[in-house]
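Visitor: Please find the sequence and the predicted model below.
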Amino acid sequence: SQTIHQWPATLVQPVGSPLSLECTVEGTSNPNLYWYRQAAGRGLQLLFYSVGIGQISSEVPQNLSASRPQDRQFILSSKKLLLSDSGFYLCACGDRGLGGYTFGSGTRLTVV
Amino acid sequence: GESVGLHLPTLSVQEGDNSIINCAYSNSASDYFIWYKQESGKGPQFIIDIRSNMDKRQGQRVTVLLNKTVKHLSLQIAATQPGDSAVYFCAENMNDYKLSFGAGTTVTVRA
């Protein structure tokens, strides 16, 4: 079964500072990878997804970017954080075609 | 945007009673549906899924019902326990690698 490692669990960053969140996957090869953001009391907003190394699709134009340097590594970045970037960030992994996701434990980001 | 929505944002249930969580979806082309449970501060966890060629599927204490005619999905939890308190999300897969999630229903179990 798939296991997703996501870190850090919590992060407090000042406005204008850079961001790098990393997600790694075990137990599968060539997975689809996803970054979601969840605002307090809200649903899951898809930010980026990747179907392979170097392949990134952006769902929402914003201050963030994503990269997939290795098959089982997915990175979420920002050059300059905004207050509105605060939220709960979740990495997820899925197989090809129809199917569900396995989620990581999330990173709570607070931009101050 | 999110194409899957939930009828009620909150549900309060007496311990031991059955819970029913509803979900309306808008895309009739969706082939696969999933219910997730998210406890506070954690990532969502898979509960149960159902494909569009079925109308009912049962798991341990949970049942998912799918009504394609009215594009409605429900999750039934039998004998609700305190550990069932969480946010429940339905999600649909339209076979394009992406799940679309609803806003979630917060279930609170009263002792």
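Guide: In hand now; what should we look at?

Visitor: low-scoring stretches of chain B, by residue?
Guide: The model of chain B has pLDDT under 70 over residues B:1-8, B:95-96.

Visitor: Recalculate using a threshold of 90.
Guide: B:1-9, B:25-31, B:41, B:93-104 (pLDDT under 90).

Visitor: Burial check on the one residue in it that gets nearest to chain A, number of neighbours?
Guide: Nearest residue of chain B to chain A: residue B:43, at 3.5 Å (C-beta to the nearest C-beta). Where you see a C-beta, it was placed from the backbone N, CA and C, and this is true even at glycine. Other residues near residue B:43 come to 22 when the count uses other C-beta atoms under 10 Å in any protein chain shown.

Visitor: What does the spatially closest residue to it that is not a sequence neighbour show for phi and psi?
Guide: Leaving aside its chain neighbours, residue B:43 sits nearest to residue A:103 (3.5 Å; criterion: C-beta to C-beta, 6 or more residues apart in numbering or on different chains). Per-residue torsions, residue A:103: phi -100, psi 150 (degrees, to the nearest 10).

Visitor: So residue A:103 sits against residue A:91, correct?
Guide: Yes. Residue A:103 is within contact range of residue A:91, at 7.3 Å (criterion: C-beta atoms under 8 Å).

Visitor: before we move on, back to that, quick one: the residue nearest to residue B:43 from residue B:32, how far?
Guide: Going from residue A:103 to residue B:32 by C-beta to C-beta, to the nearest Å gives 17 Å.

Visitor: Of the two, give the one with the bigger neighbour count.
Guide: Counting neighbours by other C-beta under 10 Å for residue A:103 and for residue B:32 shows that residue A:103 has the greater number, 24 against 19.

Visitor: from the middle of its chain, how far away would stretch B:9-25 be?
Guide: Mean C-alpha position of stretch B:9-25 versus that of the full chain (C-alpha atoms, centre = their mean, to the nearest Å) differs by 10 Å.

Visitor: Right, and chain B sits closest to which residue of chain A?
Guide: residue A:103 (3.5 Å).

Visitor: need the residues of chain B near chain A, please.
Guide: For chain B, the residues in contact with chain A (C-beta under 8 Å from any C-beta of the partner chain) are B:2, B:31-32, B:34, B:36, B:41-46, B:49, B:51, B:89, B:91, B:93, B:95, B:97-99, B:101-104.

Visitor: would residue B:83 count as being in a helix?
Guide: Yes. The assignment for residue B:83 (DSSP: H, G, I helix; E, B strand; the rest coil) places it in a helix.

Visitor: what residues are up against the most centrally placed residue in chain A?
Guide: Closest to where the C-alpha atoms of chain A average out (C-alpha atoms, centre = their mean) is residue A:35, at 3.0 Å. Going by C-beta atoms under 8 Å, 6 or more residues apart in numbering or on different chains, residue A:35 touches A:23, A:46, A:47, A:48, A:49, A:66, A:74, A:76, A:89, A:90, A:91, A:92.
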